[in-house]
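Asks: next one to model:
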Amino acid sequence: MVGLTNESPTFCFDRDELSTADFNVDAFVVKYKREVGLEKLRDDLDLFLRVLKSSMVELINRDFADFLNLSTNLVGFDKSITTLKNPLTAMKTDIMKINETLSIQRQEIEEKLREQKGIRQRKQVIQSIIDVQKSIQQLNELDDAINLSKIDISEMIERAVVQFSFISVQLDKCGQNEPTVESLQLVIDNLRRVFEKRLTTAFINAYREPNMSLLADSLKGLASISLQTIAEQTFAHEIVRPYMEKNIRNALIQSTDISLAFDKTLDFIRTECKAMLYVVERINRECGSHFDFVVNSIFPELIQCLEQSSNILFFVGDPDIFHERYSYWLKFLEQLKSILSKLSEQNLKKSKIYSEFSSRWDLVVYYQIRFQEISNLIENIIVNQPFQLNEQKNSLFKTIITLTIFQSIDHCWKTNIFLEPLSHRFWKLTLQYIV
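Replies: Model prediction:
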């Protein structure tokens, strides 16, 4: 405890215990009442009080000179503070004026900088507009040159791609609210349609010749000006649809065997489109484009041809024919997926036409028909021959009903009955028969 020396008398209690933050008188008295008794505790506390008073007097006597010196040194200190106050106040006023002046000048400088930035941006917009107009002029000259056969189609594609890419970059710099850009956009859209026609024509001609170098150039050109969908649509209308009309639609009219349509489509992909698809795969890899002619051109035309050529394609009234057609469809999908890349396979499954065509196969009704066939057979035995013994020799089943049930189970899983998408239903039916 402060002020007490180590030579102070000993007490029945710890002196530091009295100065703790959580000191409790009642607990203190109870504790030492048990240990030494109240009289001993009273005597020690009385002695401890006298020691404290003595120590306090010694402390005051020892530091009395310092207290006197402190009060003496503070005499006149208020006058010194007053002497310093006026200059400091004046200095504070001057600093505030300087700060205000600097703030005004800073605002003026920032305003000038904003004006300069606006001027630079405006100059950049004007320069971009001038550059776009020059590119438009060059595209017009390029169109005239190709009309006059002054350059070949490959050179035209290369130069047109450069100009359209440059125009796209410059228009991004101009912004969308520039009035001049709106008028230029109309001209650019007209030029885009002109070169769209030239590029798609070059693409189709290159496919027919065949000229894989020109085909690659035309596809790169179409991809560079975001015309991939146009290319796929053009290929579907100009190449795929005539093939479907000639080789598939006529075959479907003469026969109900849709496997011919699937086989001819696969043959078309593997033979007539093989070289083009190889080029497309390379272009997609090198240029980051997303051409998918099988999924977006060939497959939709096949589905359209099937739906228009056969009104009873999905007819489930005859389960045997329905099973045959749906099995051909599943087999075709498996063979098609073996040709497609993983990305194309994903695109096929996500496509709307694939989902709609797949949903038109009424598998639930087909299962109900098969279920009714099997159930009727078993019910007939139960009604007419419930306890009839099986007279077949070497048979594992003693009764006709047991034989019929297991024959029905076997019937469910025959290749001309079972369909994989219905496997859960046939499995449930099997378990019901066993139970």
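Asks: for the helix or strand Asp144 falls within, packing partners?
Replies: Using DSSP states H and E, Asp144 maps to helix 77-147. Judged by 3 or more Cβ pairs under 8 Å, 6 or more residues apart in numbering; DSSP states H and E, the packing partners of helix 77-147 are helix 153-174, helix 179-208. No exception for glycine: its C-beta is placed from N, CA and C like everyone else's.
Asks: what's in contact with the strand or helix carrying Asp26?
Replies: Asp26 is part of helix 25-35 when elements are defined by DSSP H and E. Around helix 25-35, the neighbours that count as contacts under Cβ atoms under 8 Å, 6 or more residues apart in numbering are 12-13, 17-18, 38, 40-41.
Asks: what pLDDT does the model give Gln388?
Replies: If you check Gln388, the pLDDT there is 64.
Asks: for Ser297, same thing?
Replies: Model confidence at Ser297, given as pLDDT, is 93.
Asks: and the spatially closest residue to it that is not a sequence neighbour, how many neighbours?
Replies: Nearest residue to Ser297 in three dimensions, chain neighbours excluded: Ala236, at 4.0 Å (Cβ to Cβ, 6 or more residues apart in numbering). Ala236 is flanked by 19 other residues according to other Cβ atoms under 10 Å.
Asks: and what about Ala236, helix, strand or coil?
Replies: State at Ala236, reduced to three classes by DSSP: H, G, I helix; E, B strand; the rest coil: helix.
Asks: wait, it sits on Val295?
Replies: No: in this structure Ala236 lies outside contact range of Val295 using Cβ atoms under 8 Å: 11.0 Å.
Asks: gap between the residue nearest to Ser297 and Met244?
Replies: 10 Å (Cβ to Cβ, to the nearest Å).
Asks: same check on Asp318?
Replies: To Met244, Asp318 is 26 Å away according to Cβ to Cβ.
Asks: can you list the domain ranges for the chain.
Replies: 15-73, 119-219, 227-361, 365-434 (automatic domain parsing).
Asks: would you convert these into CSV that also reports distance to Ser80?
Replies: Converted to CSV, the domains of the chain look like this (distance: least, Cβ to Cβ, whole Å):
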stretch, distance to Ser80
domain 15-73, 11
domain 119-219, 59
domain 227-361, 80
domain 365-434, 100
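Asks: now for those domains, which one comes closest to Leu113?
Replies: domain 119-219 (10.5 Å; Cβ to Cβ).
Asks: report the buried residues of the helix or strand just after the helix holding Asp26.
Replies: Under the assignment DSSP H and E, the closest C-terminal helix or strand after helix 25-35 is helix 38-73. Buried residues in helix 38-73, defined by neighbour count with 16 or more other Cβ atoms under 10 Å: 41, 44-45, 48, 51-52.
Asks: also stretch 363-374?
Replies: Buried residues in stretch 363-374, counted by 16+ other Cβ under 10 Å: 363, 366-367, 370, 374.
Asks: so which two of those residues are the farthest from each other?
Replies: Counting by Cβ to Cβ, the most remote pair of these is Leu363 and Ile374, 16.5 Å apart.
Asks: still on that earlier bit, okay if I get the helices and strands packed on helix 77-147 as TSV plus mean pLDDT and mean neighbour count?
Replies: Converted to TSV, the helices and strands packed on helix 77-147 look like this (pLDDT from 0 to 100; neighbours: other Cβ atoms under 10 Å):
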stretch	mean pLDDT	mean neighbour count
helix 153-174	76	18
helix 179-208	82	16
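Asks: format those as JSON lines; extra columns: distance to Ser310.
Replies: Below are the helices and strands packed on helix 77-147 laid out as JSON lines (distance: least, Cβ to Cβ, whole Å):
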{"stretch": "helix 153-174", "distance to Ser310": "41"}
{"stretch": "helix 179-208", "distance to Ser310": "29"}
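Asks: do a quick rundown of the helices in the stretch 251-400 of the chain.
Replies: All helices of the stretch 251-400 of the chain, identified by DSSP state H, counting those that start in this stretch, fall at 259-267, 274-287, 293, 299-309, 319-339, 342-350, 352-359, 363-384, 400-412.
Asks: deepest in the core, which of those helices is it.
Replies: Stretch with highest mean neighbour count among the helices of the stretch 251-400 of the chain: helix 293 (a mean of 21; mean count of other Cβ atoms under 10 Å).
Asks: quick one: that one to chain centroid distance?
Replies: On the basis of Cα atoms, centre = their mean, to the nearest Å, helix 293 sits 24 Å off its chain's mean C-alpha point.
Asks: then stretch 333-343?
Replies: Computed by Cα atoms, centre = their mean, the chain-centroid distance of stretch 333-343 equals 24 Å.
Asks: now swap in stretch 205-222 and tell me
Replies: 34 Å.
Asks: list the contacts of the residue nearest to Leu302 when sequence neighbours are not counted.
Replies: Excluding the flanking residues, the one nearest Leu302 by Cβ to Cβ, 6+ apart is Thr265, at 5.1 Å. Contact partners of Thr265, counting by Cβ under 8 Å, 6+ apart, are 248, 298, 302, 332.
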